[in-house]
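K.L.:
Return atomic coordinates for the entry below.
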Amino acid sequence: IFINLGNDPKVRATAEGAAAELNPYLDQLIVSRRETIDSGKAVGDDVLTRLVRLQADPSTHLDALGIRRCITGIIIGAVDTTSKSITQAVNQLLERPDHLKAAHEAALADDDETFERYIFEALRFDPQNDFLYRICERPYTLAKGTSRETEIPKGSFVIAATLSGMFDPDIVDAPQEFLVDRPPEIYMFNGHALHTCFGQHINQVQIPAVSKALLKLSGLRRADGADGQIRYDGPFPDGFTVTFDGVG
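P.N.:
Residues are numbered from 1 along each chain as shown. Below is the predicted model of the structure:
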């Protein structure tokens, strides 16, 4: 779902084949986990168990299909996009020695609030996605009443350039500067409203936490030559080598 923009039938067939294997496995796993919980047997504290336990509360209840969709979404979205975000944020900090030093000091001090600001400001310059794509379901007037008013017909393929939006000088102060005191709404990594990323709360914790372990290393720098640059396999990083002097 991330890389088949051209609706390649081979990619779609591969995805459908994977789903045909994964869905029955997850369905059975959900049933088994519910039976184990209901029996009172000991069970680990993991994401699936928490989702099944939440079924007891009407306000958080998901049916089995909803739980399966959540787990599938995590499988799809929690690895490649997270590693891409971390890689590109660290890469941006390595381009800015002063900010790299400040992020390193915040990491060592376990000042998570400050450290998080450095990571997400770095990610603004090279986010995991430059845009979001959608199909317009009904006619819509964009920016109505302004000089940018545009009619979007039903069925249009729409690209929302979120990277550009995070550098809009009408909204973002000094957009070309690296500033760590920006309001959270400036960052458009997770989409908005109905299309807000399902994993936004995981991302908010996981991306800084993993980055922090790396940024605690002293003398963090790129490896020499091509190894010290991000190497991509399609849209996702496949390699990026850094070196360091020690811990702390």
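
K.L.:
so where do the strands sit in the chain?
P.N.:
Listed in chain order, the strands of the chain (DSSP state E) span 132-135, 140-142, 150-152, 157-160, 217-218, 221-222, 231-233, 236-239, 242-243, 246-247.

K.L.:
And for Gly44, the neighbour number?
P.N.:
The number of residues packed around Gly44, counting by other CB atoms under 10 Å, is 8. In short, each C-beta sits where N, CA and C put it, glycine included.

K.L.:
what does Leu54 give?
P.N.:
The burial metric for Leu54, expressed as a neighbour count using other CB under 10 Å, is 13.

K.L.:
Over to the one 5 residues further on?
P.N.:
A count of nearby residues for Ser59, using other CB under 10 Å, gives 5.

K.L.:
check contacts around the closest residue to Arg33 other than its chain neighbours.
P.N.:
What sits nearest to Arg33 in space, not counting adjacent residues and going by CB to CB, 6 or more residues apart in numbering, is Val52, at 5.1 Å. For Val52, the set of contacting residues under the criterion of CB atoms under 8 Å, 6 or more residues apart in numbering consists of Ile30, Arg33, Arg34, Ile37, Ile67.

K.L.:
which ones among those residues are found in helices?
P.N.:
Secondary structure defined by DSSP state H assigns Ile30, Arg33, Arg34, Ile37, Ile67 of the contacts of Val52 to helices.

K.L.:
Which one (most neighbours) among the residues you listed?
P.N.:
Counting neighbours by other CB under 10 Å, the one among these with the most is Ile67, which has 22 neighbours.

K.L.:
residue contacts, the closest residue to it other than its chain neighbours?
P.N.:
Using CB to CB, 6+ apart and skipping the chain neighbours, the partner closest in space to Ile67 is Leu51 (4.8 Å). By CB under 8 Å, 6+ apart, the contact set of Leu51 is Leu62, Ile67, Cys70, Ile71.

K.L.:
roughly how far apart are the residue sitting furthest away from the middle of the chain and Leu29?
P.N.:
When each C-alpha in the chain is compared with the mean C-alpha position (CA atoms, centre = their mean), Ser39 comes out farthest, at 36.7 Å. In this structure, Ser39 lies at 16 Å from Leu29, with CB to CB, to the nearest Å as the measure.

K.L.:
Pretty sure Ser156 sits against Ile135.
P.N.:
Yes - under the contact definition of CB atoms under 8 Å, Ser156 touches Ile135, with a separation of 7.3 Å.

K.L.:
So for those two, which residue has more residues nearby?
P.N.:
Neighbours were counted for Ser156 and for Ile135 using other CB under 10 Å; Ser156 has more, 14 against 9.

K.L.:
hang on, the earlier thing: make CSV out of the strands of the chain and add mean pLDDT.
P.N.:
As requested, the strands of the chain are arranged in CSV below (pLDDT from 0 to 100):
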stretch, mean pLDDT
strand 132-135, 86
strand 140-142, 94
strand 150-152, 96
strand 157-160, 90
strand 217-218, 96
strand 221-222, 97
strand 231-233, 93
strand 236-239, 93
strand 242-243, 97
strand 246-247, 85
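
K.L.:
Those: which one's closest to Glu113?
P.N.:
Taking CB to CB, strand 217-218 is the member of the strands of the chain nearest to Glu113, at 20.8 Å.

K.L.:
Does anything pack onto that closest one? Which helices or strands?
P.N.:
Where contact means 3 or more CB pairs under 8 Å, 6 or more residues apart in numbering; DSSP states H and E, strand 217-218 is packed against strand 246-247.

K.L.:
rerun that using 10 Å as the cut-off
P.N.:
Here strand 217-218 is seen to pack against helix 97-108, strand 246-247 when contacts are counted using 3 or more CB pairs under 10 Å, 6 or more residues apart in numbering; DSSP states H and E.
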